[in-house]
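Novice: Quick one, fold the following:
(one chain, ligands or ions: 1)
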Amino acid sequence: MKLVITTKTKLTTKPISTSFKKITLDEIESVAQLERESSKNPWSKKQLSESVSNPNNLGYLLLVQSKVIGYIIAMPSLDSADILNLAVHKDFKRKGYGSSLIDHLSMNLKKRDIKTLFLEVRKGNFAASALYLSLGFEEISIRKNYYTKNSNQLSLKEDGIIMRLKIST
Ligand SMILES: CC(C)(COP(=O)(O)OP(=O)(O)OC[C@H]1O[C@@H](n2cnc3c(N)ncnc32)[C@H](O)[C@@H]1OP(=O)(O)O)[C@@H](O)C(=O)NCCC(=O)NCCS
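Specialist: Numbering: from 1, shown residues only. Model prediction:
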């Protein structure tokens with residue numbers, strides 16, 4: 001049977017409501033849980049609390065239908081900023097949310113006259129590297145053996161790749 005779609009066809013999929021919100025200490029437990037569920041090397045609750053408590057830092061949550069599904073934290077300094085961490089919940093990956101967190105951060109940094117974004121990523125973190133390259137970040141240097149592979153293999157080291165993105169001309 002041939003399906004004819006007319007302009008009267010009803011949309012059955014509801015639009016997904018997404019929003020950004022500044023991170024406060026009240027949300028640290030949700031962010032810590034998100035970290036544990038999404039990252040191979042999650043930040044601890046203490047690391048997150050210290051980072052969010054620093055008044056110089058800028059952090060945003062991404063909410064989908066009121067549920068925290070992603071976050072980003074950056075440290076501005078003069079006319080540049082460093083992304084300290086970023087994660088998207090495992091069930092929401094590859095839907096553009098990681099990119100939208102970086103876009104949202106960039107938009108707010110530009111308002112502060114910040115021109116360049118830096119970050120550091122483990123060489124083996126292919127998803128994150130692919131995300132950054134897709135947004136136009138370029139590799140500018142390598143920190144040899146900067147990271148410990150993981151807590152079970154303390155002697156195994158991994159390089160850190162430093163990347164840069166110009167966010168205003
Ligand atoms: C890295 C991370 C934030 C990406 O978030 P995401 O919401 O899945 O990213 P996006 O959907 O915006 O991806 C945008 C593009 O990046 C690239 N990309 C992202 N994840 C990828 C993957 N696993 N493999 C290959 N390319 C990938 C693709 O080009 C993708 O576009 P496409 O889906 O149209 O092909 C997420 O994987 C994550 O939370 N990882 C664990 C925490 C982490 O490593 N943080 C970074 C610390 S430096």
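Novice: And stretch 115-132, what's buried?
Specialist: Within stretch 115-132, the residues scored as buried using 16 or more other CB atoms under 10 Å are Leu117, Phe118, Leu119, Glu120, Val121, Arg122, Asn125, Ala128, Ser129, Leu131, Tyr132. In this view, the C-beta of every residue, glycine as well, is placed from N, C-alpha and C.
Novice: and which of these is nearest Ser66?
Specialist: Closest approach between these and Ser66, by CB to CB: Leu131, at 24.8 Å.
Novice: ok, what's across the strand from Leu119?
Specialist: Bridge pairing for Leu119 (DSSP bridges) gives the partners Ile83, Met163.
Novice: That one contacts Ile83, correct?
Specialist: Yes: in this structure, Leu119 is within contact of Ile83 by CB atoms under 8 Å, at 4.0 Å.
Novice: Now tell me which helix or strand of this structure has the poorest mean pLDDT.
Specialist: Across the helices and strands of the chain, the lowest-confidence element by mean pLDDT, DSSP states H and E is strand 138-148, at a mean of 92.
Novice: Which elements pack onto that strand?
Specialist: Applying 3 or more CB pairs under 8 Å, 6 or more residues apart in numbering; DSSP states H and E, we find strand 138-148 packed against strand 116-122, strand 157-166.
Novice: quick one: average confidence on the helix or strand hosting Gln33?
Specialist: Under the criterion DSSP states H and E, the helix or strand holding Gln33 is helix 28-38. In this model, helix 28-38 has an average pLDDT of 95.
Novice: How about stretch 99-111?
Specialist: Mean pLDDT, stretch 99-111: 97.
Novice: Kindly provide the distance from Lys40 to the ligand.
Specialist: The gap separating Lys40 from the ligand is 7 Å, by CB to the nearest ligand atom, to the nearest Å.
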